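Novice: Next input, structure requested:
(3 chains)
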Amino acid sequence: MPELPEVETTLRGITPHISGKQITDIVVRQQKLRWPVPRNLRQLLKNQIIHSIKRRGKYLLFETPAGHVIIHLGMSGSLRIVASHLDPQKHDHVDFVFNKKILRFHDPRRFGSVLWTRKDPLQHKLLQKLGPEPLSKTFHGEYLHTLATAKKVNIKNFIMNSHVVVGVGNIYASESLFLSGIHPQRAAGRVSLSRYEVLANNIQKVLSAAIELGGTSLRDFVKEDGKPGYFANRLNVYNKKGEPCPICKTPIQVRVLGQRSSFFCSHCQH
DNA sequence: ACAGTAACCTGTTTGC
DNA sequence: TGCAAACAGGTTACTG
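Specialist: All right, here's what the predicted structure looks like:
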């Protein structure tokens, strides 16, 4: 998906277009996403004003006086701001219609979701157990080291677990482990505190740099204006099987961990 | 509680 | 060229 930098890029892109604006209509063309779109979404949201847009992990939260919309982009989702007259294309599942523009949810694989809650969205079942934001002060090496105690799970899947830390998906997990010199298959409980400090720092650096460049576009992701992000140019190992390691020139290897391809340098990472 | 696996979908790429 | 299998940036639910 859209990992944290792509969701943050989307948030920054759509906010000026929809913050403080009134929703004049909702169009749901496909209700079957990862979870069903609420049947009464149109009734719930029509004429509501979006007071704020926030991000928690990879979830986007639209605050209205009546409640919150919770959006997740899944693997292939995107949100675009389009002109009112633009006809919907295939996989354009939900429109948030405003006076002059439409916010359009597009998701070929339909792993994304559009949900609704009247309560505090942070207490929603899908959000309440999320780990810390990686770019906040509560996320640091000591936190990871303590949580990893005695854990046998490999460190890559450990840092991709949203209950450990939010926002780190398959691309940025591989990239931050490479920068930290840590082998992705190493048991999480067998990484020293000092190495976790390096890793936490590198996760923050990679995510921040990716946000600066508008995220990584490999296939599906586009920004709110339909244009790609440019962090793909900065990747060291992700999607680079067989290419020379930028540090030592050893060919980059790929191995499937927890059903996800993991890219690493067997010489630089231990 | 934990680890490992299957599942939700469609589109594109890879391999025979 | 054609067809089937493998694979794709996420996450939950289920199994043992």
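Novice: Compute the distance between the residue of the stretch 101-250 of chain A at minimum distance from DNA strand C and DNA strand B, please.
Specialist: As assessed by Cβ to the nearest atom of the strand, DNA strand C sits closest to A:Gly169 within the stretch 101-250 of chain A, at 1.8 Å. C-betas here are computed from N, CA, C, even on glycine. Distance, A:Gly169 to DNA strand B, using Cβ to the nearest atom of the strand, to the nearest Å: 13 Å.
Novice: Please apply the same query to A:Lys205.
Specialist: From A:Lys205 to DNA strand B the distance is 27 Å (Cβ to the nearest atom of the strand).
Novice: returning to that earlier point: burial count for the residue of the stretch 101-250 of chain A closest to DNA strand C?
Specialist: For A:Gly169, the neighbour count with other Cβ atoms under 10 Å is 20.
Novice: if I look at the closest residue to it other than its chain neighbours, how far off is A:Leu79?
Specialist: If the residues on either side of it in the chain are set aside, A:Gly169 comes closest to A:Glu3, at 3.6 Å by Cβ to Cβ, 6 or more residues apart in numbering. Going from A:Glu3 to A:Leu79 by Cβ to Cβ, to the nearest Å gives 15 Å.
Novice: name the element A:Ile70 belongs to?
Specialist: strand A:67-72 (DSSP states H and E).
Novice: partners of that strand, with directions?
Specialist: strand A:59-64 (antiparallel), strand A:113-117 (antiparallel) (DSSP bridges).
Novice: Any buried residues in the very next helix or strand once past it, and which?
Specialist: Going down the chain from strand A:67-72, the next helix or strand is strand A:78-83, by DSSP H and E. Buried positions in strand A:78-83, judged by neighbour count with 16 or more other Cβ atoms under 10 Å: A:78-82.
Novice: Thought A:Ile155 was touching A:Leu257, still the case?
Specialist: No. In this structure A:Leu257 lies outside contact range of A:Ile155 using Cβ atoms under 8 Å: 9.6 Å.
Novice: residues shared between the contacts of those two?
Specialist: Residues touching both A:Leu257 and A:Ile155 (Cβ atoms under 8 Å, 6 or more residues apart in numbering) are A:184-185.
Novice: Looking at those two, which has the bigger crowd around it?
Specialist: Comparing A:Leu257 with A:Ile155 by other Cβ under 10 Å, the one with more neighbours is A:Ile155, at 27 against 19.
Novice: For A:Lys50, give its distance to A:Glu175.
Specialist: No Lys there; residue A:50 is Ile. A:Ile50 sits 33 Å away from A:Glu175, going by Cβ to Cβ.
Novice: Looking at the two, which is more packed in?
Specialist: Neighbours per residue (other Cβ under 10 Å) separate A:Ile50 from A:Glu175, with A:Glu175 holding more: 26 against 23.
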